[in-house]
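**Q** For reference, the sequence and a predicted model appear below.
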Amino acid sequence: MKLLATAALVLSASVFAQGTTIEISGANFRPMPVAVPAPLTQDDGAKKLASEVDGALLFDLQACGLFQVLDRKSYLGAEKEGITASSITFPNWTNVGAESLVKVQLSTDGDTLRGDLRLFQVAAGREDLKVSEAVPAKDARRLAHKLANAVYKYFTKETGPFETKIAFVRKTAGGKDVYLADWDGKNAAAVSTGNINVLPSVAPDRSVAFTSYRRGKPELFLGRPGGEPTPLVANGRMVSGVDFSPDGRRIAYSVADGEAAEIWVANADGSSPVKVTDTKYFLNSSPSWSPDGKRLAFVSNRGGSPQIYVMNADGSDPKRLTFQGNYNQTPAWSPRGDLIAFTARDERNAFDLFTVEVATGKVKRLTQDAKNNEEPSFSPNGRLILFTSTRLGSKSLFVMTFDGNNQIALPLDKGEYTTADWGP
Amino acid sequence: MTARTESLLEPRPTPLVPFVALSIGVHVVAALVLSVASWLFAPAKVSLDPPPIKASLVRLGKKRDEKLLPRKEEPPPPPPAAEKAAPAPTPAVPDKAVAIPTKDAKPEPKKDTAKDGAKDAKKSLFDAFNKTARASKAEELEGAEDGDKDGDSARQEGERYFGLISAMVKRNYDVSDTIPEAERRMLRATVKVKLGGTGELLDADLVKASGNDLFDGAVLGAVKKAAPFGPPPEHLRDGLKKDGVSLVFTP
């Protein structure tokens, strides 16, 4: 017996010696602390444009969710440093908690604004990226977006979203108009021209389709900034909620049909329309294309309450995707294909944003306890979501990462903004 | 018998060739049969490496109705406060501290006591609201009613002490978001951790790097920030001190 006990003890000791292994997963991915001192300027022309470039660059880096831009008040002796590694006192940047350092130098040459950016790894005191961009001086913000894209691409190996466009609706004195703007809401230009215009969708060529009540009934129009919108689907029926397929060759939209609403798919110019749902007494609306253009997500109340469904683009094989909550709407399919973001009303009667995994149906909450949050739209790279929120009072546009982190308001002028769509 | 038939140089039929061919054939067949049999009836392979442990502590909380939309995942509860020595007694603060006048000091404006009273009432009302709000938030935690207040998971697995290590390290498992998603899937790093009798960190060694500096730095940082872990149970104490425990990190 004694022998047996000794043997067991030796055996357990030897098993421990072979190595107990604990698996740990579920990392908390957090933004990288980065220092971005004010741009250095080489001439008066650059000095005048510096704050515009600086503001746009800071917003890009803060809002993309990858970086935590450190407070400039904590920077030590930044003003004495140049743009090259030899002129930088890296321990000062380590002391403020920076893991990376972004230095920008601006100069002008006639009407051209030039920006040089250097990215340093602070701990190693090493220059990781050196990039130069030039734009017409009137497009100073675009220079910032180009530089931010270079930093974004260096870390993620993906194209950044900072030169993409968004469309949104802004309440005006006479109704609601559709605007096309830079990703941060700046440089907004009207696409529609009066009356009530809502639910825009940006095509790959940056034309914008939207629902317009300019002739009484809701119809689909197509427009561009500075031009007069033209009818896209205007057949005398109530048509709304258009979405361009990712290749821009087709559109999907909803048509009221008696007490029901059905989803139709047509060519991008509105020709060859085909009804792809047929549920007589139920509503089917808010179609959103999958990134491969083969499927559609949509809202239907055929199961009793509005829920998110997916089906093939020809209407075959419809499947209900959400089973939690009793009021789910405005689906937006991620360009990565794996997630569909949607708005849902929870048991507290608050509207919030959620994602559902297409493969598993697993629902994840993105917003919570911040008034109402609605109408999600993914960035073209699928990493960010643009949405409407009432957390600051009136409806305004916010951006967050696809997993609900880093929720930041777009720097828009005062007003009421809704139904944004993120285009290429 | 002639001299020709007797000659050794004269070729004659021999039975050796068919025998050799038959022998080769039999051996080949036998070898095939043996290899197939050994493959079919071989005992299961024994891995000497112990399987990794998935240890977790179930969280104290109520189970949420599955028909409801989920609440946002709450961050794990803060680490248990270490038992501290009783603080040294501090001298009693007088009811009203006497302000020492300085050169730059401005005279304190006279207080309107009625206004202050209203403010205090308002503040206490808001405090009460805040407390209620906080209390209602805490009720939302998902877990088990017999769960652990230090737990961070919806279900418990494995040895409790390893679950505690896992939970404490996970709270500090912060990784830079700049690591590309395609790269994240392949990241795997192992840190060998040796612990003392009170749970203090004796050694943390990156025995298998992931190849990504940011990730490797983060996992080592997570272990160091999480320590000390609290005294291990008696039966694990020697092993943790001598051989340590390997923490395998994946994102």
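**A** It's in.

**Q** following the helix or strand of chain B with the lowest mean pLDDT, which helix or strand shows up next?
**A** Across the helices and strands of chain B, mean pLDDT, DSSP states H and E gives its lowest value to helix B:113-138, namely a mean of 47. Later in the chain than helix B:113-138, the nearest helix or strand by DSSP states H and E is helix B:160-171.

**Q** mind listing what's buried in the helix or strand harbouring A:Val169?
**A** Here A:Val169, judged by DSSP H and E, is contained in strand A:165-172. Buried residues in strand A:165-172, counted by 16 or more other CB atoms under 10 Å in any protein chain shown: A:Lys165, A:Ile166, A:Ala167, A:Phe168, A:Val169, A:Arg170, A:Thr172. No exception for glycine: its C-beta is placed from N, CA and C like everyone else's.

**Q** now, which of these lie close to chain B?
**A** Counting by CB under 8 Å from any CB of the partner chain, nothing from the buried residues of strand A:165-172 sits close to chain B.

**Q** Next one: A:Gly26 relative to chain B, how far apart?
**A** A:Gly26 sits 6 Å away from chain B, going by CB to the nearest CB, to the nearest Å.

**Q** Quick check: that residue is in a helix.
**A** No: A:Gly26: not assigned to a helix; according to DSSP: H, G, I helix; E, B strand; the rest coil it is coil.

**Q** re the thing from before, closest to chain B out of the buried residues of strand A:165-172?
**A** Taking CB to the nearest CB as the measure, chain B sits nearest to A:Ile166 out of the buried residues of strand A:165-172, at 22.4 Å.

**Q** Please name the bridge partners of the closest one.
**A** Under DSSP bridges, the beta-bridge partners of A:Ile166 are A:Ala181, A:Trp422.

**Q** Any chance you could list what contacts the strand holding A:Val169?
**A** With contacts defined as CB atoms under 8 Å, 6 or more residues apart in numbering or on different chains, strand A:165-172 is touched by A:176-183, A:185, A:188, A:191, A:194, A:197-202, A:206, A:208, A:210, A:377, A:386, A:397, A:415-424.

**Q** Nearest spatial neighbour of B:Thr190, chain-adjacent residues omitted?
**A** Spatial nearest neighbour of B:Thr190, excluding adjacent residues (CB to CB, 6 or more residues apart in numbering or on different chains): B:Lys208 at 3.9 Å.

**Q** dump the residue contacts of that neighbour.
**A** Taking CB under 8 Å, 6+ apart as the test, what B:Lys208 contacts is B:Arg188, B:Ala189, B:Thr190.

**Q** mind listing which of those residues are in strands?
**A** Those of the contacts of B:Lys208 mapping onto strands are B:Ala189, B:Thr190, per DSSP state E.

**Q** Please tell me how far B:Leu206 sits from B:Asp213.
**A** As judged by CB to CB, to the nearest Å, B:Leu206 and B:Asp213 stand 11 Å apart.

**Q** re earlier: quick check on the contacts of B:Lys208: which are buried?
**A** With burial judged by 16+ other CB under 10 Å, the buried subset of the contacts of B:Lys208 is B:Arg188, B:Ala189, B:Thr190.

**Q** Tell me, how many residues neighbour the closest residue to A:Gly315 other than its chain neighbours?
**A** If the residues on either side of it in the chain are set aside, A:Gly315 comes closest to A:Val276, at 3.2 Å by CB to CB, 6+ apart. Look at A:Val276: counted by other CB atoms under 10 Å in any protein chain shown, it has 21 neighbours.

**Q** Correct me if wrong: A:Asp182 contacts A:Ala148.
**A** No: look at A:Asp182 against A:Ala148 with CB atoms under 8 Å: they stay out of range, at 11.8 Å.

**Q** For B:Leu206 and B:Asp213, work out which one has more neighbours and name it.
**A** B:Leu206 (16 against 13).

**Q** what does the average pLDDT come to for the host helix or strand of that one?
**A** In the assignment (DSSP H and E), B:Leu206 maps to strand B:201-208. Taken as a whole, strand B:201-208 has an average pLDDT of 95.

**Q** Can you give me the buried ones in that strand?
**A** Neighbour-count burial for strand B:201-208, counted by 16+ other CB under 10 Å, picks out B:Ala204, B:Leu206.

**Q** Helix or strand next in line after it, which one?
**A** Next along from strand B:201-208, by DSSP H and E: helix B:213-226.

**Q** what mean pLDDT does that following helix have?
**A** For helix B:213-226, mean pLDDT is 92.

**Q** Sort out which one of the buried ones among the contacts of B:Lys208 lies nearest chain A for me.
**A** Among these, B:Thr190 lies closest to chain A (CB to the nearest CB), at 7.9 Å.

**Q** do stretch B:59-76 and chain A meet at all?
**A** Yes: judged by CB under 8 Å from any CB, stretch B:59-76 comes into contact with chain A at B:Glu66, B:Lys67, B:Leu68, B:Leu69, B:Pro70, B:Arg71, B:Lys72, B:Glu73.

**Q** And the lengthiest helix in chain A, how far out from the chain middle?
**A** Longest helix in chain A by number of residues, with DSSP state H as the criterion: helix A:44-63. Taking the mean of its C-alpha atoms, helix A:44-63 sits 21 Å from the chain's own mean (CA atoms, centre = their mean, to the nearest Å).

**Q** Counting by contacts, list what the helix or strand following that helix packs against.
**A** Downstream of helix A:44-63, the next assigned helix or strand under DSSP H and E is strand A:67-69. Under the contact definition 3 or more CB pairs under 8 Å, 6 or more residues apart in numbering or on different chains; DSSP states H and E, strand A:67-69 sits against strand A:32-35, helix A:44-63.

**Q** Next SSE downstream of strand A:67-69?
**A** Later in the chain than strand A:67-69, the nearest helix or strand by DSSP H and E is helix A:90-95.

**Q** for that next one, packing partners?
**A** Using 3+ CB pairs under 8 Å, 6+ apart: helix A:90-95 touches no other helix or strand.

**Q** rerun that using 10 Å as the cut-off
**A** The contact analysis (3 or more CB pairs under 10 Å, 6 or more residues apart in numbering or on different chains; DSSP states H and E) places helix A:90-95 against strand A:32-35, strand A:100-109, strand A:112-121.

**Q** quick one: buried residues of that helix?
**A** Applying 16+ other CB under 10 Å to helix A:90-95 flags A:Phe90, A:Asn92, A:Trp93 as buried.

**Q** okay, stretch A:132-151 in PDB with CA atoms only?
**A** Extracted as PDB, the C-alpha positions of stretch A:132-151 are listed here (Å, rounded to 0.1, in the frame of the first residue of the first chain):
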ATOM      1  CA  SER A 132       5.400  62.200 -48.500                       C
ATOM      2  CA  GLU A 133       2.200  63.400 -50.100                       C
ATOM      3  CA  ALA A 134       1.200  66.500 -52.000                       C
ATOM      4  CA  VAL A 135      -2.200  68.000 -52.700                       C
ATOM      5  CA  PRO A 136      -3.600  71.300 -54.000                       C
ATOM      6  CA  ALA A 137      -3.500  73.700 -51.100                       C
ATOM      7  CA  LYS A 138      -7.300  74.100 -51.100                       C
ATOM      8  CA  ASP A 139      -7.600  70.300 -50.300                       C
ATOM      9  CA  ALA A 140      -5.600  70.500 -47.000                       C
ATOM     10  CA  ARG A 141      -7.800  68.000 -45.200                       C
ATOM     11  CA  ARG A 142      -7.200  65.500 -48.000                       C
ATOM     12  CA  LEU A 143      -3.500  65.700 -47.300                       C
ATOM     13  CA  ALA A 144      -4.200  64.700 -43.700                       C
ATOM     14  CA  HIS A 145      -6.500  61.800 -44.900                       C
ATOM     15  CA  LYS A 146      -3.700  60.600 -47.200                       C
ATOM     16  CA  LEU A 147      -1.100  60.600 -44.400                       C
ATOM     17  CA  ALA A 148      -3.500  58.900 -42.000                       C
ATOM     18  CA  ASN A 149      -4.200  56.200 -44.600                       C
ATOM     19  CA  ALA A 150      -0.400  55.600 -44.900                       C
ATOM     20  CA  VAL A 151      -0.200  55.100 -41.100                       C
END
